[in-house]
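Peer 1: Next comes the sequence, and after it the predicted model I'd like to discuss.
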Amino acid sequence: MLELIRFGLEKPHHYEIMFLMREEEMLAYCRTERARSLELFSVIVRQSMGPKHPESLKLTLPLTLFLSVHGFISYYIQDRVSFDEV
């Protein structure tokens, strides 16, 4: 999660294009990468959970964490706050 936050705050333009843009022309180029990034994030979260956790949590936790981190990044991107400042 820390690396996603670092990416979002150090490369806000890239993050905005991947996750915040709503223009159809841009979405055509970044949908695949967006989905790939979310899937990679989900795999990493599931692997770190280990076998003890229920399957239902393994399905919902990655998206919940991603949306929480996304909100955090989106909040600080507005003011162009750097990773080190956060």
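Peer 2: On my side now, so go ahead. Residues are numbered from 1 along each chain as shown.
Peer 1: can you pull out the helices in this structure?
Peer 2: With DSSP state H as the criterion, the chain has helices at 2-10, 12-15, 24-49, 55-77.
Peer 1: low pLDDT regions in this protein?
Peer 2: Counting by pLDDT under 70, the chain contains no low-confidence residues.
Peer 1: try 90 this time
Peer 2: Judged by pLDDT under 90, the chain has its weakly predicted residues at 1, 14-35, 37-38, 49-53, 55-56, 58-59.
Peer 1: nearest to D84, of the helices of the chain?
Peer 2: Each of the helices of the chain has some distance to D84 by Cβ to Cβ; the shortest is helix 2-10, at 8.7 Å. Heads up, the C-betas are built off the backbone N, CA and C, glycines and all.
Peer 1: Need the contact partners of the closest one.
Peer 2: Outside helix 2-10, the residues that touch it by Cβ atoms under 8 Å, 6 or more residues apart in numbering are 14-15, 19, 41, 66, 69, 72-73, 76-77, 81-83, 86.
Peer 1: Tell me, how many residues neighbour the nearest residue to H53 once chain neighbours are set aside?
Peer 2: Across the structure, with Cβ to Cβ, 6 or more residues apart in numbering as the measure, the residue nearest H53 apart from its sequence neighbours is L61 (7.9 Å). The local packing of L61 (other Cβ atoms under 10 Å) involves 16 other residues.
Peer 1: Surely L61 touches V45?
Peer 2: Yes: the pair formed by L61 and V45 meets the contact definition of Cβ atoms under 8 Å, at 6.1 Å.
Peer 1: Including neighbour count and distance to F7, could the contacts of helix 2-10 go into a markdown table?
Peer 2: Shown next, in a markdown table, are those (neighbours: other Cβ atoms under 10 Å; distance: Cβ to Cβ, whole Å):
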| residue | neighbour count | distance to F7 |
| --- | --- | --- |
| H14 | 12 | 7 |
| Y15 | 19 | 6 |
| F19 | 19 | 10 |
| F41 | 18 | 11 |
| F66 | 18 | 13 |
| V69 | 16 | 10 |
| F72 | 16 | 12 |
| I73 | 22 | 8 |
| Y76 | 18 | 13 |
| I77 | 17 | 11 |
| V81 | 14 | 14 |
| S82 | 11 | 13 |
| F83 | 14 | 9 |
| V86 | 12 | 13 |
